[in-house]
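Participant: Structure for this input, please:
(one chain, ligands or ions: 1)
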Amino acid sequence: MSVRTLSVEAVSKVGAEVTIKGWVNARRNMGKIVFLDIRDRAGTIQTVGVPSQMTPESVERLKEVRLEWVLELKGAVQERGAKQKNPNSPTGAVELLIKELKVLAKAEPLPLDLEDEKIGLGIHLDYLPITLRSEKYRALFKIQAEIVRGFRDYLNAQGFTEIQAPKIVAAAAEGGADVFEVKYLKNKATLAQSPQFYKQIMVGVFERVFAVGNCFRAEQHATTRHLNEFTGLDLEFGMIEDHHDVMNLETELLRHILNHLDKTVSSELKLWSYIRPELPEKIPYFKLREVQELIKKETGVDHTNEPDLEPGEEKWLGNYVQEKHHSDFVFITHYPTAKRPMYTYPDEADPEFTKSFDLLFRGVEITSGGQRFNDYNQLVQSMKNKGLNPEDFKFYLESFQYGMPPEGGLGLGLERLTARLLGVDNVKEATLFPRDLNRIDLQLSPPEYKQ
Ligand code: AMO
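Facilitator: Predicted coordinates for the structure are as follows:
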């Protein structure tokens, strides 16, 4: 078998005979001459089929070739004529003159035009195995992969250890009703809403940990922000002073991720409405009540007793900090103790409110985090205050019985971050295989959904 050359490598092999393997991205017939754009993992390259230059079998095979067929093409790399060069493509100066064409896999005629931007989200989701092959979606999920890599690289460099948290769990970490129950052999279990308990337990082991993993939420409503399964970028670390240490770490983590994207996927970012976010030295932060007072003063809407901001208010605040602080990010701290999960640390100076925060990015919450209880007795009391039975959390509590430093952490939603970065309105578009109220890959028909 001849050695394979990737599309982008052909640029430095003008005059050489090479073998290219990939999918047919486009076909153009110009009389007897056929142009095929071949896509491989590295990019695309134009190839030219001129009958007089090809073996007779290859000429016959070329007649049949359609989009998405997978081919092995042998031929010479040649420089394109000055007028044919495409400065916008990394391989735009060359092409492959086909000598032999082998079919590795045929494809049925496509049900839609992959590069059609107007196909709509429903159809896009119905045909994900192929629509994900389009240039824009390959770019989107390449960018997403680099966000994860940036997250990992930064935390590894800061002395964090990556952990794998279980997804089958006994108790709801985040409280609330949005848990999926699953039959677990002869018992009942739930799907993890987050790795919260396990990342905290692991602070007792490694001091600094992070996890990249699926989180499950039985959301009963359809919005542009909610998924039933999302990817949590979670971290947790000990020896902190308070929640500001966690907020400062997230600021530098985001800076690293943005720089990493500039270095690795700048051309992919150009395919989307990417505007580099403004990330100041220090992200502005406000207490929830301060924000509500501000909203009341500026808009006349009085929500100063509400436990959270409404989506419209988050959007308003996003625009406000952009204008006044030149920041696309804003932290909101001090959510009410009554509304945050039992592990959240209250502010000693004002115990009705917590040393917790949300991070809004362009008006949408992408992170929750904060300082946690690390004292066993306080944690047990907090559980009782919330009507929880500490017996149900015995396993988790062991960590706190046997020496847990002051600690905190955060959970960052990968899909929400990706969507906000790229100007994507619906988080489902920034999710490889989204699960929502109506869909587990295929649409759920109403009778099935009720079962
Ligand atoms: P929280 O529940 O706020 O906090 O989740 C953290 C982040 O995860 C993302 N997220 C979601 N994304 C899409 N669809 C959903 N249904 C969904 N729910 C949450 C958001 C959110 O900001 N254990 C805490 C984190 C911590 O304190 O460390 C937690 O899970 O981006």
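
Participant: which non-adjacent residue is nearest the closest residue to the ligand within the stretch 251-400 of the chain?
Facilitator: Per C-beta to the nearest ligand atom, the residue of the stretch 251-400 of the chain with the smallest distance to the ligand is Ser368, at 3.1 Å. (Each C-beta comes from the backbone N, C-alpha and C, glycine too.) Leaving aside its sequence neighbours, Ser368 sits nearest to Asp358 (C-beta to C-beta, 6 or more residues apart in numbering; 5.4 Å).

Participant: Am I right that the one you found sits in a helix?
Facilitator: No. With DSSP: H, G, I helix; E, B strand; the rest coil as the criterion, Asp358 is located in strand rather than a helix.

Participant: Next up, the contacts around it.
Facilitator: Asp358 makes contact with 331-332, 335, 365, 367-368 under the criterion C-beta atoms under 8 Å, 6 or more residues apart in numbering.

Participant: Surely Glu207 and Leu235 touch.
Facilitator: No. Under the criterion of C-beta atoms under 8 Å, Glu207 makes no contact with Leu235, lying 11.9 Å away.

Participant: which of those two has more neighbours?
Facilitator: Leu235 (26 against 16; other C-beta atoms under 10 Å).

Participant: picking up where we left off before, for the residue nearest to Ser368, give me the pLDDT.
Facilitator: According to the predicted model, the pLDDT of Asp358 comes to 98.

Participant: In what element of secondary structure is Arg225 found?
Facilitator: Assigning secondary structure by DSSP states H and E places Arg225 outside every helix and strand.

Participant: Quick one: residues contacting it.
Facilitator: Residues touching Arg225, when contacts are defined by C-beta under 8 Å, 6+ apart, comprise 311, 364-365, 416, 427.

Participant: Please apply the same query to Gly175.
Facilitator: 341-342, 386.

Participant: Restricted to buried residues, select those in ChimeraX.
Facilitator: Buried residues among the contacts of Gly175 (16 or more other C-beta atoms under 10 Å), as a ChimeraX selection:
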select :341,342
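
Participant: Mind checking which of the contacts of Gly175 are in strands?
Facilitator: Per DSSP state E, strands hold no members of the contacts of Gly175.

Participant: Looking at the contacts of Gly175, which is nearest Phe230?
Facilitator: Distance to Phe230 across the contacts of Gly175 (C-beta to C-beta) is lowest for Pro341, with 17.2 Å.

Participant: just to revisit the earlier point, of the contacts of Arg225, which fall within the contact range of the ligand?
Facilitator: Among these, the residues within reach of the ligand (C-beta under 6 Å from any ligand atom) are 365, 416, 427.

Participant: Next up, the contacts around the first one.
Facilitator: Glu365 makes contact with 225, 314, 358-359, 416 under the criterion C-beta under 8 Å, 6+ apart.

Participant: With distance to Val14 added, can I get these in a markdown table?
Facilitator: Rendered in a markdown table, the data for those read as follows (distance: C-beta to C-beta, whole Å):
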| residue | distance to Val14 |
| --- | --- |
| Arg225 | 50 |
| Glu314 | 54 |
| Asp358 | 54 |
| Leu359 | 50 |
| Arg416 | 45 |
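
Participant: How about Leu254, nearest residue that isn't a chain neighbour?
Facilitator: If the residues on either side of it in the chain are set aside, Leu254 comes closest to Leu279, at 6.0 Å by C-beta to C-beta, 6+ apart.

Participant: what's the answer for Lys315, then?
Facilitator: According to C-beta to C-beta, 6+ apart, the nearest residue to Lys315 is Gly363 (3.8 Å).

Participant: The one you found touches Asn319, doesn't it?
Facilitator: Yes. Counting by C-beta under 8 Å, Asn319 is a contact partner of Gly363 at 6.8 Å.
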